[in-house]
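*Asks:* fold the following, please.
(one chain, ligands or ions: 1)
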Amino acid sequence: MSAIEESDLRHLANLHVRDIITLVAVVMKVKAVAGQLVVPLDVKEWFERFCDKNRLIHFEEGPSDSYQTWMTVCYNEETAKLKRELDKIRSSFDNIKRNPIISSGKRAYNEFVKALTMLGGTMYGYPECCIEFHAEKGSSSRTRAYEQFLDSGKDQSIPIEFWSVSHAPCSSTCRRTLELGKKYLGAVAEFSESLKKHVESRLLLPRFYQTGGGRFIDIQPLDYNQHKKELTISKEEFEKDAQSHLPQSIEIVLCDVPRPYVLVEVPEKPPYKAAFPNPDMIGTMWFAYTPGFGAYMVNAKTGNIALYIVIDQWIVEVGEEWRSKSNFRICRSTKTNKI
Ligand SMILES: [Zn+2]
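*Replies:* Down below sits the predicted model:
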């Protein structure tokens, strides 16, 4: 591999850590396709140049908003073609699934959609056990692994490899998931030692799990006394504010949020604010949460609300199946030599 340009490393750091890993895994040819990479609009041009330079096929997948867009990268034309074809078939099926014309063939339809999910998972290079579990149980099965971590008391020492993959692991102990994470991290190290250091430091940050899917917020706790001069909201003010938004047993932390990660978009219902990443959510935050119940986050420098969601004001578009005792909790990660 040729020497990596300093400016590429700087720009790469603008992506979420999981997106950095999957992108580099495609560059290093250990992964064929990386989908739904969230690219901030101010680095989009660089992103496209970086893909061209590394001879990757790239295209926008949408939906874009005023801050970011969703991109897919493939390591060659054949995989790009397969990805496009699969998406096309899937969306045709999604469009007609409620049409009575297919109700008589419901079983065939379900089997075919399952087969499409499995084919897609194979194209992304996910482990077979995880693909099968996902195809069988649906997207919300993603919560199972987090619940298992919580039940086994391992949620404060999750191996960083677990956070290095983009699929939904079939369980908290899925061996093949951890091995795949290790392979991707190895590719990042081969690509650039300094990028590896950056990636590892991000993976080791405490991670707030909001609800279902991929709604995580990485947080870097900050020392209040060291930072209080830069803040417009004092600890006392925020504590009072948080108490009026959340029930007791609130945990409060002053932190830096580098870049939240999200797989789904949902509309907001004021006073609740749930959409992220949003620019108010990046930077120095006062963050309060009641474990298992809800979260309230305010930008400590601007005073803007960054996130407000509680379990009894559930987002309509996020179904009941996503409810989980593992929601609204902080997980911690660890580096281990055992994988
Ligand atoms: Zn698995």
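*Asks:* can you list the domain ranges for this protein.
*Replies:* Per the record, the chain has its domains at 6-203, 207-334, by automatic domain parsing.
*Asks:* take the ones you listed and lay them out in TSV including mean neighbour count and mean pLDDT.
*Replies:* In short, each C-beta sits where N, CA and C put it, glycine included. Supplementary listing: the domains of the chain in TSV, determined by neighbours: other C-beta atoms under 10 Å; pLDDT from 0 to 100:
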stretch	mean neighbour count	mean pLDDT
domain 6-203	17	92
domain 207-334	17	86
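*Asks:* for the ion, which of those domains is the nearest?
*Replies:* Using C-beta to the ion as the criterion, the shortest distance between the ion and the domains of the chain is 3.4 Å, found for domain 6-203.
*Asks:* do you have the strands of the chain handy? List them.
*Replies:* Listed in chain order, the strands of the chain (DSSP state E) span 33-40, 57-60, 68-74, 158-159, 207-209, 216-218, 220-221, 251-257, 283-290, 294-299, 305-310, 329-331, 333-334.
*Asks:* what would those look like in TSV with distance to the ion?
*Replies:* Listed next are the strands of the chain as TSV, based on distance: least, C-beta to the ion, whole Å:
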stretch	distance to the ion
strand 33-40	19
strand 57-60	28
strand 68-74	23
strand 158-159	14
strand 207-209	19
strand 216-218	19
strand 220-221	30
strand 251-257	30
strand 283-290	29
strand 294-299	29
strand 305-310	29
strand 329-331	19
strand 333-334	19
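*Asks:* which residue does the stretch 201-339 of the chain bring closest to the ion?
*Replies:* Using C-beta to the ion, the point where the stretch 201-339 of the chain gets nearest to the ion is I339, with a distance of 14.0 Å.
*Asks:* check what pLDDT that residue gets.
*Replies:* With respect to pLDDT, I339 has a value of 76.
*Asks:* that one contacts L178, correct?
*Replies:* Yes: counting by C-beta atoms under 8 Å, I339 touches L178, with 4.8 Å between them.
*Asks:* what sits in contact with each of those two?
*Replies:* With contacts defined as C-beta atoms under 8 Å, 6 or more residues apart in numbering, the residues adjacent to both I339 and L178 are P159, E161.
*Asks:* in the protein, which spans are helices?
*Replies:* Counting by DSSP state H, residue ranges of the helices within the chain are 6-12, 17-27, 44-53, 77-96, 106-124, 128-137, 143-151, 175-191, 193-203, 224-227, 235-243.
*Asks:* redo the ones you listed as JSON lines? Include distance to the ion.
*Replies:* Compiled in JSON lines, the helices of the chain are given as follows (distance: least, C-beta to the ion, whole Å):
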{"stretch": "helix 6-12", "distance to the ion": "28"}
{"stretch": "helix 17-27", "distance to the ion": "17"}
{"stretch": "helix 44-53", "distance to the ion": "29"}
{"stretch": "helix 77-96", "distance to the ion": "21"}
{"stretch": "helix 106-124", "distance to the ion": "11"}
{"stretch": "helix 128-137", "distance to the ion": "3"}
{"stretch": "helix 143-151", "distance to the ion": "9"}
{"stretch": "helix 175-191", "distance to the ion": "5"}
{"stretch": "helix 193-203", "distance to the ion": "19"}
{"stretch": "helix 224-227", "distance to the ion": "41"}
{"stretch": "helix 235-243", "distance to the ion": "38"}
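*Asks:* good, we can wrap up now.
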